[in-house]
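Asks: Sharing a model prediction with you, sequence too.
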Amino acid sequence: MDNTKDKLPKHIAIIMDGNGTWAKKRGLSRNLGHRKGVQTLINTIKYCQQIGIEYLTVFAFSTENWSRPKEEVDYLMKLPEQFLETYRKTMCDNGVRFRVIGRKDNLKADLLKKIKELEIETEENNNIHFTLAFDYGGKDEIVNAAKKIAIDVKENKIKLEDLDENLFYHYLYTKDLPMVDLLIRTSNQIRISNFMLWQIAYSELYFTDTLWPDFRRRDLDKAIDEYQKRNRRFGGL
Ligand code: V0D
């Protein structure tokens, strides 16, 4: 019996690509595209919450994005504060559990403080788990896990023979999130680009031409529809 058919994906991950292309098509600056992208993100969180998605994780900035032109990086780095200012209260009031995953060593101290505060303030929320992957890389995450495991083995906190896939997962940035059911990438790029690697082992992958600032409810509906049509087998039959 196929009872996966009408199941909502529990965990959706999105690579929000195409902000620059969207702006260029309109003769606008890339920065305006990114700003529009923030609004689309906020609408998407709201909609996911409405339809009962439990986990939403989005790729905001990769470990490789630092090599973009300085001007663009400088602008991008203003978005977190802008996002938190406009959306922080809504998250608190509507049961959004907020998390940021990724490296923390390149973030400015005051931003890090604001992130920590909101993570703690929304700790008890469980309406939707909204996670931002920020200065995140999938390979970096795995290397980081391996290092932490090596330390714990050396300090006799774990035994090497006890290391299995389950225990390894506890050392990933996503240790508190389930595996990804549905990965969406916008803007017609058919790549993973070092987003979650371990976590997408069994994910359905959905690629759309829609540019991120144009992404609407019906685009998410289409992705979920497609997900429900596919028959997920996790390698079994
Ligand atoms: C631009 C579309 C929220 C994609 C979404 C610096 C690109 C909006 C954040 C954010 C970005 C990050 C950390 C945090 C709170 C919010 C964000 C970046 C880009 C990269 F604690 N949106 N957003 N960060 N965009």
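Replies: That came through fine. Numbering: from 1, shown residues only.
Asks: how about the top helix by length along the chain: buried residues?
Replies: Looking only at the chain and at elements set by DSSP state H, the helix with the highest residue count is helix 30-51. Applying a neighbour-count criterion of 16 or more other Cβ atoms under 10 Å, the buried positions in helix 30-51 are 30-38, 40-41, 44-45, 48-49. Where you see a C-beta, it was placed from the backbone N, CA and C, and this is true even at glycine.
Asks: what comes into contact with it?
Replies: With contacts defined as Cβ atoms under 8 Å, 6 or more residues apart in numbering, helix 30-51 is touched by 8, 12, 14, 16, 19-24, 56, 58, 72, 75-76, 79, 82-83, 86-87, 94-96, 127-128, 130, 212-217, 220, 224.
Asks: Also compute the angle for the helix or strand following it relative to helix 30-51, please.
Replies: Using DSSP states H and E, the helix or strand that follows helix 30-51 towards the C-terminus is strand 55-62. Between the direction of strand 55-62 and that of helix 30-51, the angle (axes from the mean of the first three to the mean of the last three Cα atoms, to 10 degrees) works out to 170 degrees.
Asks: Enumerate the residues of this structure near the ligand.
Replies: Counting by Cβ under 6 Å from any ligand atom, the positions of the chain adjacent to the ligand are 16, 19, 34, 37-38, 41, 60-61, 76-77, 79-80, 83-84, 100, 115, 132, 134, 212.
Asks: what do you get if the cut-off is 5 Å, keeping everything else the same?
Replies: By Cβ under 5 Å from any ligand atom, the residues of the chain that approach the ligand are 16, 34, 37-38, 41, 60-61, 76, 79-80, 83, 100, 115, 132, 134.
Asks: chain center to whichever strand or helix holds residue 146, what's the gap?
Replies: With elements delineated by DSSP H and E, residue 146 resides in helix 138-154, which encompasses its position. Using Cα atoms, centre = their mean, to the nearest Å, the mean C-alpha position of helix 138-154 is found 21 Å from that of the whole chain.
Asks: So which elements touch it?
Replies: Packing contacts for helix 138-154, counted by 3 or more Cβ pairs under 8 Å, 6 or more residues apart in numbering; DSSP states H and E, involve no helix or strand.
Asks: Let's see it as PDB, backbone CA atoms only.
Replies: Written as PDB, here are the backbone C-alpha positions of helix 138-154 (Å, rounded to 0.1, in the frame of the first residue of the first chain):
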ATOM      1  CA  GLY A 138      27.900  20.800   3.300                       C
ATOM      2  CA  LYS A 139      31.500  19.600   3.000                       C
ATOM      3  CA  ASP A 140      32.600  22.000   5.800                       C
ATOM      4  CA  GLU A 141      29.800  20.600   8.000                       C
ATOM      5  CA  ILE A 142      31.100  17.000   7.500                       C
ATOM      6  CA  VAL A 143      34.800  18.000   8.100                       C
ATOM      7  CA  ASN A 144      33.700  19.900  11.200                       C
ATOM      8  CA  ALA A 145      31.800  16.800  12.500                       C
ATOM      9  CA  ALA A 146      34.800  14.600  11.900                       C
ATOM     10  CA  LYS A 147      37.000  16.900  13.900                       C
ATOM     11  CA  LYS A 148      34.600  17.000  16.800                       C
ATOM     12  CA  ILE A 149      34.300  13.200  16.700                       C
ATOM     13  CA  ALA A 150      38.100  12.900  16.800                       C
ATOM     14  CA  ILE A 151      38.300  15.100  19.900                       C
ATOM     15  CA  ASP A 152      35.500  13.200  21.600                       C
ATOM     16  CA  VAL A 153      37.300   9.900  20.900                       C
ATOM     17  CA  LYS A 154      40.600  11.200  22.200                       C
END
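Asks: That concludes my questions; thank you for your assistance.
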